[in-house]
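In: A predicted structure for the sequence below; I have some questions about it.
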Number of protein chains: 2
Amino acid sequence: MGNTRSAPTLDDVAKEAGVSTATVSRCLNSPERVVEKTRIRVMKAVEEMGYTPNFAARVMAAKQSFTIGAIIPTMENAIFARGLQAFQDELRERGYTLLVSSSAYKPGIEKEQIRTLVARGVDGLLLIGHEREEQIYEYLERHRVPVLIAWSYSPDVRQTSVGFSNRDAIFELAQNVIDAGHSRIAMISGFTEGNDRAQKRVVGIRDALCANGIDPDSMELVETTYEIDSGANAFVDLMSRPTRPTVVMCGNDVLAAGALRGARKMGISVPEEVSITGFDDIELAEIVSPPLTTVHVPHRKMGHKAAQELIAMVEGSSEGASTCINTHIVSRQSLAKPPKNAATNK
Amino acid sequence: MGNTRSAPTLDDVAKEAGVSTATVSRCLNSPERVVEKTRIRVMKAVEEMGYTPNFAARVMAAKQSFTIGAIIPTMENAIFARGLQAFQDELRERGYTLLVSSSAYKPGIEKEQIRTLVARGVDGLLLIGHEREEQIYEYLERHRVPVLIAWSYSPDVRQTSVGFSNRDAIFELAQNVIDAGHSRIAMISGFTEGNDRAQKRVVGIRDALCANGIDPDSMELVETTYEIDSGANAFVDLMSRPTRPTVVMCGNDVLAAGALRGARKMGISVPEEVSITGFDDIELAEIVSPPLTTVHVPHRKMGHKAAQELIAMVEGSSEGASTCINTHIVSRQSLAKPPKNAATNK
DNA sequence: CCACTATTTGTAAGCGCTTACATGGCAAAT
DNA sequence: ATTTGCCATGTAAGCGCTTACAAATAGTGG
């Protein structure tokens, strides 16, 4: 019984239930608009035939997809995982589906993915960080796709953002570091080009140095990719320079874990000989030994909030209100006082 | 110039370039079918108007989306990250886009996501592990969506798979463990219900015990979620039982990292007092201390191979050929000989 | 029992694209 | 010059759905 040869359409269901396609459509989308008796009959047909609406057709006709897109720089490490999970959970609860792509930190790829997602009819878009061609924002506006920026908060920018102040967060950490007695501070940062979060973190440390009367130009800085090995290499590089720092502040926990590995390889003990700090407070931070002193970012909270706000924008109930999430420092064992006679390589 | 008020359609471009919609479509999809002069004119219009084809419309008309869907159990840890990244890279190279969802290890959610992805017109689907309702496979067949199972290889199953033998892989590791002198073996496994990979890993260890004349029922087993904390709790549980094991084999590296944390909390030193092993060889395995002896799974290779095969199936050039990827043991410091007089809690 | 309103269902016009088929133009062949 | 054949382009029919509007049915008060 019935056509087993291919997927059933609305028409098939309508025929089977002896009603018009409009009625079937209504049963599915606004059941209260059809009388119970009919609805039951239709739903039975839907059930029996294993009907799934064709999304493309629905999107075309309704010009709404209940889909949100998100483009994150990478899926390879856990930096974005928790926040994104929370984002998705909230979306699910509100009846939206999430489409994720990763751009490998390449603006070109990100641009392409944005077009792909827009072409796919997403109702809204989550992007990480503010910095990208103005043209992209124009394109998005043109297509009437609301955008929400996360992982970065910036009041003086047109786009709505739900995030935290990368500069202030690391400033506070740097202050802690300085208070512990450090003055020879080095930093391992992710590549700053096209990455405002990384930039702001560099700025935050420099500002803290200034604020404490330390010449910010004295800070040794290495930029690298966000990988454990890169962190390890950068650490080795830094520790091989003429003046050894007493603390290496890292742009995130992954880099810090790498630095730790570099230290182990060089036989340098942390925090006795050199301190190391991270950023993000992902699971990794607690697992490595010594566990990392780092900036705790409430990823879950950010994800939830971002989803709520973006949906509000999509549904037209908000023009876009930015939220700044507070971060705080988590002190663990990787940060201690500098050694008495800090060694140099001279 | 031109209509700035909303997104341009094929029609708008056609009008602008003074050709028919068919010609514009051809310029975009099979440029060799239109003469250069026209093509240049059309492309210029496309460019100037910032035209992006409407995907939903394209899918509807062409019944092909160049999109592959993937549903993984979780994005929260790195277990699937690397393999998936490789999968995506390969797809990109071949002109396909990847849509990822995560099911939180819940069959119900997975089922829903499958429907969502199919409704979205994915040309093929990547699923993790074999075990799921037969009905789902029928549904997929009905909709003509090829499926590829990864992270698990099973020759005696209808579906095509690209993966490894979970049973054999851990069997080999267990053999190593036994060869090192252990006989009181405990295991922390992920929940086995609905998870054939977890099941096979339990079986692999039991088989190894049998093969070495050890009663498999003597193995203490805890099932739990795949989270660090769960691993830690399970470890504490295991070590508090009357007969302490001399080695705790874990269902994956995340669990093993948790076990390590549990050991630290209990003040038990690894591997001196108890050995711990993992599975997967994700980055984490190398970062924890002591680094984990584990089963190395060539995730990248698996991801690439899976993408190639799935595309072949989608394009009709393959009926679906399964591939078994080889794993191997990586020996690090978390596994050593059992202590001379292994303590019990008696 | 009728007129009128409210409710349920049907009709049909698109949504933006691809593609089978038709058309027209031009070069080579007759 | 006429025919043939080929290639570039145009025409128009859907793809499966939603929804404005029309129609039919049911309910209500006079």
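Out: Received it, and whenever you're ready, just let me know what you need.

In: so what's the residue nearest the centre of chain A scoring on pLDDT?
Out: Among the residues of chain A, A:Phe80 comes closest to the average C-alpha position under Cα atoms, centre = their mean, at 4.2 Å. The score at A:Phe80 is 93. That number is its pLDDT.

In: what sits against the closest residue in space to it that isn't next to it in sequence?
Out: If you skip the residues right next to it in sequence, A:Phe80 has A:Ile72 as its closest partner in space, 4.4 Å away by Cβ to Cβ, 6 or more residues apart in numbering or on different chains. Every residue, glycine included, has its C-beta placed from N, CA and C. Taking Cβ atoms under 8 Å, 6 or more residues apart in numbering or on different chains as the definition of contact, the neighbours of A:Ile72 are A:80, A:84, A:100-103, A:128.

In: for A:Ile228, same thing?
Out: Taking Cβ under 8 Å, 6+ apart as the test, what A:Ile228 contacts is A:254, A:257-258, A:261, B:283, B:287.

In: Could you tell me which of the residues you listed count as buried?
Out: Applying 16 or more other Cβ atoms under 10 Å in any protein chain shown to the contacts of A:Ile228, the neighbour count classes A:254, A:257-258, A:261, B:283, B:287 as buried.

In: Closest to B:Val330 out of those?
Out: Checking those against B:Val330 with Cβ to Cβ, the nearest one is B:Glu283 at 12.5 Å.

In: Quick check: pLDDT value at the closest one.
Out: On the pLDDT scale, B:Glu283 is placed at 89.

In: just the one 3 residues further on next, same as before
Out: Note on B:Glu286: pLDDT of 90.

In: Tell me how far A:Ala198 lies from chain B.
Out: Summarising the geometry, the distance separating A:Ala198 from chain B, computed by Cβ to the nearest Cβ, to the nearest Å, is 21 Å.

In: ok, that residue to B:Leu117 distance?
Out: Taken as Cβ to Cβ, to the nearest Å, the spacing of A:Ala198 relative to B:Leu117 amounts to 34 Å.

In: what's the closest of the contacts of A:Ile228 to B:Phe55?
Out: A:Val254 (34.1 Å).

In: Run the chain-centre distance for the helix or strand harbouring that closest one.
Out: Using DSSP states H and E, A:Val254 falls within helix A:253-266. Offset of helix A:253-266 from its chain centre (Cα atoms, centre = their mean, to the nearest Å): 23 Å.

In: Stretch A:173-181 now?
Out: On the basis of Cα atoms, centre = their mean, stretch A:173-181 is displaced by 27 Å from the centre of the chain it belongs to.

In: Show residues contacting that stretch.
Out: So stretch A:173-181 is in contact with A:185, A:204-205, A:208-209, A:211-212, A:214, A:247, A:249, A:275, A:277, A:279, A:293-295, A:329, A:331, A:335-338, going by Cβ under 8 Å, 6+ apart.

In: Pull out the buried members of those residues.
Out: In these, burial by neighbour count holds for A:185, A:204-205, A:208-209, A:214, A:247, A:249, A:275, A:277, A:279, A:293-295, A:329, A:335-336, A:338, counting by 16+ other Cβ under 10 Å.

In: Excluding residues flanking it in the chain, which one is nearest the residue in the stretch 101-250 of chain A positioned nearest to DNA strand C?
Out: Evaluated by Cβ to the nearest atom of the strand, the stretch 101-250 of chain A has A:Ala119 as its residue closest to DNA strand C, separated by 8.1 Å. Nearest in space to A:Ala119, with sequence neighbours left out and distances taken as Cβ to Cβ, 6+ apart, is B:Phe55 at 4.0 Å.

In: Please list the residues outside the lowest-mean-pLDDT helix or strand in chain A that contact it.
Out: Evaluated with mean pLDDT, DSSP states H and E, the helix-and-strand set of chain A has its lowest mean pLDDT in strand A:97-102, which scores a mean of 87. Residues outside strand A:97-102 that contact it (Cβ under 8 Å, 6+ apart): A:66-75, A:84, A:87-88, A:91-92, A:113, A:116-117, A:120, A:122, B:85, B:88, B:97-101, B:116.
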